[in-house]
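K.L.:
need a structure here:
(chains A and B)
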Amino acid sequence: MHITKKHKTDSGGSLSLPLLFEPTKVAAVKGGRHGRRSNRELGCPWTVHLPVPFIPVLSRILSTSSPSPWSSRPPKMSAVISMRKLASSSRFHSAKMDWQGQKRAEIVMQFMLVVFAIAGLGIGYTIGSFPTMMLTYAGGVVITALITVPNWPFFNRHPSKWLDPSEAERHPKPHLNVAAASKKKAPKHK
Amino acid sequence: MHSFGYRLNTVLTFALLLLAVLCGAASFLDAFNSPLSASSSYVQANAQVVKVNRFRRQLNGADEVSLTFNVSLDMKRLFTWNTKQVFVFLAAEYETPKNALNQISLWDHIILDKDQAMFQTKVTTKYPLIDQGSNLRGRKVDLILHWHVMPKTGRMIRDKLRLSDFHLPEAYT
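P.N.:
Down below sits the predicted model:
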């Protein structure tokens, strides 16, 4: 379900483009667990993932020069990431969780669900009541969902600093360097 | 985990997975405490035939018997926290020249609760004992009590216990 595109950057290390897509329609960067794993394993500066489901989110990523999104330093963007969703896009950057918050939310969710499952089993077994176990676990699921699913402020303590759109306008998109390919062929023609 | 919907999906999916694990654990612990092999020692029962109500031959040539019998059961130890109900039925088994084994259910009952699991009743056969043919005169019939323990989650346990036997009369009544 996840398509990973890995690109080697130039020595400047600041520009990559997904070659198979049109410039206006590119997959979104997702700071999920898979992104982190790929970055660590392959050492690429960034990876592009198609989130599941793909359809509602289309974005244009022009470049990034940071390592994996999980790093504590906020990624330095030299161009804007613009997202175009079916809903309005202006709110997208503002109220969501940051990368650290997402990681925290995932860990908290897994921990709490496992704890409530074990607690439900223990209580139900000692009391000898099956409905007690089910109700305890259901209550635990609801509490976990209330804590981890909405965008609470404590999940947004390290927000990423995106570049201002007006700043991006002043730096137009550079073209790919194809001179390296033609250089290789030149000596053969001697 | 970048959007509300994604996190909600993750929470619900993981919760469902843990629910399956929880049910498996409940079933496993339950079976661990009351082992399957000793299930028949958990039950005490007795059944005696009081009288033969009717013993006749039907028009299509099959024998038909209707009985009254006393049945007393104690199945309290079969009930655990994971038991939904116990289905118990009394079967008559006998051998004929045509079939090596005939099993016919005479009476059944559903026990929903541990409190209802011990009782004695005098009951007539719910389902008449009808033979394939006409072999029941003077036949020795065994009464065997079967039970199915149906859990809330997990595997159903089936077992049986041989109670008593009786002889059918030589002539039709």
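
K.L.:
Give me the contact list for whichever strand in chain B runs longest.
P.N.:
In chain B, ranked by residue count with DSSP state E as the criterion, the top strand is strand B:44-57. Strand B:44-57 is touched from outside by B:63-75, B:90, B:122, B:124, B:134, B:136, B:143, B:145, B:161, B:163-164, B:166, B:168-169, B:172-173, with contacts defined as CB atoms under 8 Å, 6 or more residues apart in numbering or on different chains. To be clear about C-beta, it is placed using only N, CA and C from the backbone, and glycine gets the same treatment.

K.L.:
Can you tell me which of the residues you listed are buried?
P.N.:
Among these, those classed as buried by 16 or more other CB atoms under 10 Å in any protein chain shown are B:63, B:65-67, B:69, B:71, B:73, B:75, B:90, B:136, B:143, B:145, B:161, B:163, B:166, B:168.

K.L.:
Now the two most distant members of these.
P.N.:
Using CB to CB, the buried ones among the contacts of strand B:44-57 span at most 31.9 Å, a distance reached by B:D63 and B:M75.

K.L.:
picking that back up, check which residues of the longest strand of chain B are buried.
P.N.:
Quick answer for strand B:44-57 (16+ other CB under 10 Å): B:45, B:47, B:49, B:52, B:55.

K.L.:
Likewise for stretch A:121-130?
P.N.:
Buried residues in stretch A:121-130, counted by 16+ other CB under 10 Å: A:121, A:124-125, A:130.

K.L.:
Give me the subset of the residues you listed lying in helices.
P.N.:
In helices, defined here by DSSP state H, the members of these are A:121, A:124-125, A:130.

K.L.:
Which one of the buried ones among the contacts of strand B:44-57 is nearest to A:M97?
P.N.:
B:M75 (55.1 Å).

K.L.:
List the contacts of that closest one.
P.N.:
Counting by CB under 8 Å, 6+ apart, B:M75 has contacts B:42-43, B:45, B:86, B:88, B:111, B:117-118, B:147.

K.L.:
Which of these are buried, as a PyMOL select command?
P.N.:
Only the buried entries of the contacts of B:M75 go into this PyMOL selection, using 16+ other CB under 10 Å:
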select buried, chain B and resi 42+43+45+86+88+111+117+147
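
K.L.:
nearest to A:F116, of the contacts of B:M75?
P.N.:
Closest approach to A:F116 among those (CB to CB): B:V86, at 31.1 Å.

K.L.:
any idea how far B:F89 is from the closest residue to the closest one other than its chain neighbours?
P.N.:
Counting by CB to CB, 6 or more residues apart in numbering or on different chains, B:I111 is the residue found nearest to B:V86 once chain neighbours are left out, at 4.4 Å. Distance, B:I111 to B:F89, by CB to CB, to the nearest Å: 11 Å.

K.L.:
where does the chain dip in pLDDT?
P.N.:
No chain specified, so I'll use chain A. Low-confidence segments of chain A, defined by pLDDT under 70: A:1-95, A:179-190.

K.L.:
wrong one, chain B
P.N.:
B:1, B:33-39.

K.L.:
Chain A contacts on that one?
P.N.:
Contact residues, chain B versus chain A (CB under 8 Å from any CB of the partner chain): B:1-4, B:6-8, B:10-12, B:14-15, B:18-19, B:21-22, B:25-26, B:29, B:80-82, B:152.

K.L.:
Which of the residues you listed are buried, as a PyMOL select command?
P.N.:
Filtering the residues of chain B next to chain A down to the buried ones (16+ other CB under 10 Å) takes a single PyMOL command:
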select buried, chain B and resi 1+2+3+6+7+10+11+14+15+18+19+22+25+26+29+80+81+82+152
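
K.L.:
So which of the residues of chain B next to chain A belong to helices?
P.N.:
When DSSP H defines the helices, the subset of these inside them is B:4, B:6-8, B:10-12, B:14-15, B:18-19, B:21-22, B:25-26, B:29.
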